[in-house]
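*Asks:* Sequence plus predicted model, see below.
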Amino acid sequence: MKIVEKIRKIHLQLTVLIDNKLKKKSSVAEISPSCRLQKGVVISFGKKGALHFRNNVKVKVGSVFECQGIIDIGDGSVVGVYNWFQAAGRITLGRNVIIGSHCNFIASSHSFSEKGKDFKYQPLNKGDIEIGNNVWIGSHVTILNNVKIGDDVIIGAHSLVNSDIPSNSIVVGSPARVIKKVWE
Ligand SMILES: CC(C)(COP(=O)(O)OP(=O)(O)OC[C@H]1O[C@@H](n2cnc3c(N)ncnc32)[C@H](O)[C@@H]1OP(=O)(O)O)[C@@H](O)C(=O)NCCC(=O)NCCS
């Protein structure tokens, strides 16, 4: 079944703007009927992108999902208003991940190794972002590529996460550093 038909079937057409070019591409979207998407959510695909919203995912106003690679949001997770998922690589969220407003998940970066060539035309390096279960991400957090975040983690507002975070930790700052355990 074509992606656009799938989306129609679950009655999301009033809230979700799908990239028009999608019809010509072999992209996959699986959005559980138990999900709730508020107005202004944008989903766009590359040639082979994939999007999975598991059970009871809630996505609030204005969040953008760019699926050149794979985006997989786990059961019960909540995406706050105006989040941006840039998935040249793979972005996976576990169960019950809660995200504040205006967060960025950037699973790619521009190469700059070719001297004198505009960054726009230099290769895009893909990298994955993997987030565990029960993670609370404060507002205005940015998570870069090649980062793995464990379970039971709290990320303070305005943090920049550019390296792995162990389970059961609270991190803050730019770059984000562990300040303490969540539970002793
Ligand atoms: C991290 C957070 C959960 C607080 O955790 P906490 O255990 O109560 O931490 P504390 O308030 O005791 O702060 C501990 C230290 O970290 C610092 N800190 C706390 N949050 C910080 C942040 N977001 N950025 C930088 N430093 C921060 C405090 O200033 C304090 O520093 P100090 O020891 O030098 O005084 C909270 O500050 C936060 O950022 N919450 C996110 C809120 C949000 O965005 N909600 C969106 C709705 S989902």
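*Replies:* Sure thing, it's come through.
*Asks:* Next to the ligand, which bits of the protein? Give me the list.
*Replies:* Applying Cβ under 6 Å from any ligand atom, we find that the chain lies next to the ligand at Ile98, Gly100, Gly138, Ser139, Ile154, Gly156, Ala157, His158, Ile170, Val172, Gly173, Ile179. Using the backbone N, CA and C atoms, a C-beta is placed for each residue, glycine as well.
*Asks:* Report the buried members of the residues you listed.
*Replies:* By neighbour count, with 16 or more other Cβ atoms under 10 Å, the residues of the chain next to the ligand hold Ile98, Gly100, Gly138, Ser139, Ile154, Gly156, Ile170, Val172 as buried.
*Asks:* Out of the residues you listed, the closest to Tyr121 would be?
*Replies:* Ser139 (34.0 Å; Cβ to Cβ).
*Asks:* Now the residues of the chain next to the ligand in TSV, please, with extra columns for pLDDT and secondary structure.
*Replies:* Converted to TSV, those look like this (pLDDT from 0 to 100; DSSP: H, G, I helix; E, B strand; the rest coil):
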residue	pLDDT	secondary structure
Ile98	98	strand
Gly100	98	coil
Gly138	98	coil
Ser139	98	coil
Ile154	99	strand
Gly156	98	coil
Ala157	98	coil
His158	98	coil
Ile170	98	strand
Val172	98	strand
Gly173	98	coil
Ile179	98	strand
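*Asks:* Redo those residues as CSV? Include distance to His110.
*Replies:* Compiled in CSV, the residues of the chain next to the ligand are given as follows (distance: Cβ to Cβ, whole Å):
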residue, distance to His110
Ile98, 30
Gly100, 27
Gly138, 27
Ser139, 26
Ile154, 30
Gly156, 27
Ala157, 27
His158, 23
Ile170, 31
Val172, 27
Gly173, 25
Ile179, 31
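*Asks:* residue contacts, the most centrally placed residue in the chain?
*Replies:* By Cα atoms, centre = their mean, the chain has its centre lying nearest to Phe85, at 3.8 Å. Neighbour list for Phe85: Ser63, Val64, Phe65, Glu66, Cys67, Ile71, Ile91, Phe105 [criterion: Cβ atoms under 8 Å, 6 or more residues apart in numbering].
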